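# Sequence below, structure please.
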Amino acid sequence: MIVMGIDPGSRNTGYGVIRFSEGCCSVVSCGVIRMKSSTPLAERIGQIWTGLEEVVASAKPEVMAIETAFVGRNVRSALILGQVRGAMLALATRNGLPVREYAPREVKLCVTGSGAAGKEQVASMLSRLLGFGESSMPSDVTDALGIAYCDISRNALAMVGVRRSKEGNVLKRKKQGWSAFIDDHPELVA
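Below you'll find the model as predicted:
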């Protein structure tokens, strides 16, 4: 399974593509699409589209995972982000990619075990989980990789029988059948 995670932004859009194969995750591609704030919004959205379309064409993801929209006090920023996200959703639809959305807190919880983790903690944990070392990647990239990893954790790992608690911790595989029943209820065995 190949998942493309996107950290949307109207000036900097981070992306990270992770492959999950044979129980292991590896980074396929990652980076930031940077635009000048002086560039008109319509052109920036076009640059984001073009940049992400190139990534989709080369990495061939099967899923697009996007950070959910955050609405703070600045309504204008929320509207601009909505337009950027709309372009990403259209790109995913055009390429036949299902879209899954994750809140920042959910991503942090999945990657670090704490929904209140800082960006540095997320980056440090991802470097261990994905084996890319302690390089100084921009937070837009580590956020995008975190989103992709969260999607894999929530979906692909479940397909191979790995169960997780609500906190995101891996649970032991539950035994099934008569031997599991006997192990769970020794008092009923004569």
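# contacting residues for the spatially most central residue of the chain?
Nearest to the mean C-alpha position of the chain, by Cα atoms, centre = their mean, lies residue 147 at 1.8 Å. Taking Cβ atoms under 8 Å, 6 or more residues apart in numbering, we find residue 147 in contact with 5, 6, 7, 16, 65, 66, 67, 102, 107. Every residue, glycine included, has its C-beta placed from N, CA and C.
# Is it correct that the last one falls within a strand?
The one in question is residue 107. No. Per DSSP: H, G, I helix; E, B strand; the rest coil, residue 107 lies outside any strand segment and is helix.
# buried ones in the helix or strand where residue 128 lies?
Residue 128 belongs to helix 119-130 when assigned by DSSP states H and E. Neighbour counts over helix 119-130 (16 or more other Cβ atoms under 10 Å) mark 122, 123, 124, 125, 126, 127, 129, 130 as buried.
# Which strands or helices does it pack on?
Applying 3 or more Cβ pairs under 8 Å, 6 or more residues apart in numbering; DSSP states H and E, one finds that helix 119-130 makes contact with strand 24-34, helix 104-112, helix 139-151.
# if we go to 10 Å?
strand 12-21, strand 24-34, helix 104-112, helix 139-151 (3 or more Cβ pairs under 10 Å, 6 or more residues apart in numbering; DSSP states H and E).
# which regions of the chain sit below the pLDDT cut-off?
71-72, 134-135, 156-190 (pLDDT under 70).
# The same query, at a cut-off of 50, please.
In the predicted model of the chain, residues 173 satisfy pLDDT under 50.
# burial measure for residue 117, as a count.
Residues within reach of residue 117, counting by other Cβ atoms under 10 Å, total 20.
# Name the SS class of it, please.
For residue 117, the assignment made with three-state DSSP gives coil.
# for it, phi and psi?
phi -60, psi 150 (degrees, to the nearest 10).
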